[in-house]
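Engineer: I would like to see how this sequence folds:
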Amino acid sequence: MKKQVLIVIFVALFISVGTVFAEQPAEYSRDRVIGHSNGNHRLDCKIVRPWGESAGPQDTQYPVIVWANGWGGNDVAGEFTTEWYIPMLTQWAVDGPYIVVAANAWSARESDVLKCLQWIVDQNDTAGSEYEGVVNTAKIGLAGHSQGAGAVVKAGDGEPNGFEITTVLAMNPYGPSWVSAADQDGPVLVLTGANDFVTPYSWTYPVFEAVQTNDQGGIYAVHQEAGHSNLNLYQDVVYLWWQLTLNDADVGQALMDILDYDPWDTQCAVP
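Structural biologist: Purely as a prediction, here's the structure:
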């Protein structure tokens, strides 16, 4: 029965994310970097770049978003888990524009996120690298879904690892017993669905309770029609959140104009 439920979840994820973002703009490209193996949790990252294969950036610095997958149903080859999310991540990269780095792990943890973040930050300072000088290391977003959302919340206190995390986006986060939202470097956006029976309210709201004590502020927003994998229903909010926090765009009121009305039920923590 558990296996059947997981299949349904991932089929739903493919439909809800993959079809909505099926048509991708022309100007993007993808890369993959693999480091030394350490079981499942090794340096294995997929990068989505907001420029074409032959059209690299010129005098531009891009904010970076590091992504953590949800649990992939024992998909040990984590790149295949990442593929479920790639259409959404590509849209983020192009719309931002941002450099999006996804940890290819089927059971993403804080360490996976931080390894991929460290790699792109190091590349920014590496002579001859395609990413030399084009990463805005002052604008770092972490994002994840389900177990990956728990991982990025935990990684959101970047200071012990030498980072300053600008913001965290946690979609349907799993794992309130092993994550901490109380030591964030920046505001946290928690998105979940009223019809989520995989990571229900009793699991996701404790993350926001901790956010309220982090002195950085945050938002807990419940979409009344969303289940665990209807990430397409979040994207208008996600777009504005990234613009607000990573691009310093004046879209705060536009964001709240969405979150203050149906189908959203929203609570805010003000720093």
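Engineer: so in the protein, where's the weakest helix or strand by average pLDDT?
Structural biologist: helix 2-13 (a mean of 33; mean pLDDT, DSSP states H and E).
Engineer: what's the first helix or strand after that one?
Structural biologist: Downstream of helix 2-13, the first helix or strand assigned by DSSP states H and E is strand 29-34.
Engineer: which other helices and strands does that next one contact?
Structural biologist: strand 44-49, helix 78-95 (3 or more CB pairs under 8 Å, 6 or more residues apart in numbering; DSSP states H and E). For the C-beta atoms, the positions are set from N, CA and C on the backbone; glycine is no exception.
Engineer: tabulate the ones you listed (a markdown table), appending distance to Leu259, mean neighbour count and mean pLDDT.
Structural biologist: Shown next, in a markdown table, are the helices and strands packed on strand 29-34 (distance: least, CB to CB, whole Å; neighbours: other CB atoms under 10 Å; pLDDT from 0 to 100):
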| stretch | distance to Leu259 | mean neighbour count | mean pLDDT |
| --- | --- | --- | --- |
| strand 44-49 | 27 | 24 | 91 |
| helix 78-95 | 19 | 21 | 86 |
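Engineer: just send the ones you listed back as CSV, with distance to Gln243 too.
Structural biologist: Listed next are these as CSV, based on distance: least, CB to CB, whole Å:
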stretch, distance to Gln243
strand 44-49, 18
helix 78-95, 9
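Engineer: which one, of the ones you listed, ends up nearest to Ser111?
Structural biologist: The minimum distance between Ser111 and these falls on strand 44-49, with 11.9 Å, by CB to CB.
Engineer: who's in contact with that closest one?
Structural biologist: 28-35, 78-79, 82, 86, 89-90, 92-93, 99-105, 115-116, 119-120 (CB atoms under 8 Å, 6 or more residues apart in numbering).
Engineer: what pairs with that strand, parallel or antiparallel?
Structural biologist: Taking DSSP bridges as the criterion, strand 44-49 forms sheet pairs with strand 29-34 (antiparallel), strand 99-103 (antiparallel).
Engineer: that strand relative to helix 78-95, how many degrees between them?
Structural biologist: Following axes from the mean of the first three to the mean of the last three CA atoms, to 10 degrees, one obtains 20 degrees for the angle between strand 44-49 and helix 78-95.
Engineer: by contact count, what packs against the longest strand along the chain?
Structural biologist: Ranked by residue count, the top strand of the chain under DSSP state E comes out as strand 135-145. Contacts defined by 3+ CB pairs under 8 Å, 6+ apart place strand 135-145 against strand 62-68, helix 110-124, helix 147-155, strand 167-171, helix 235-246.
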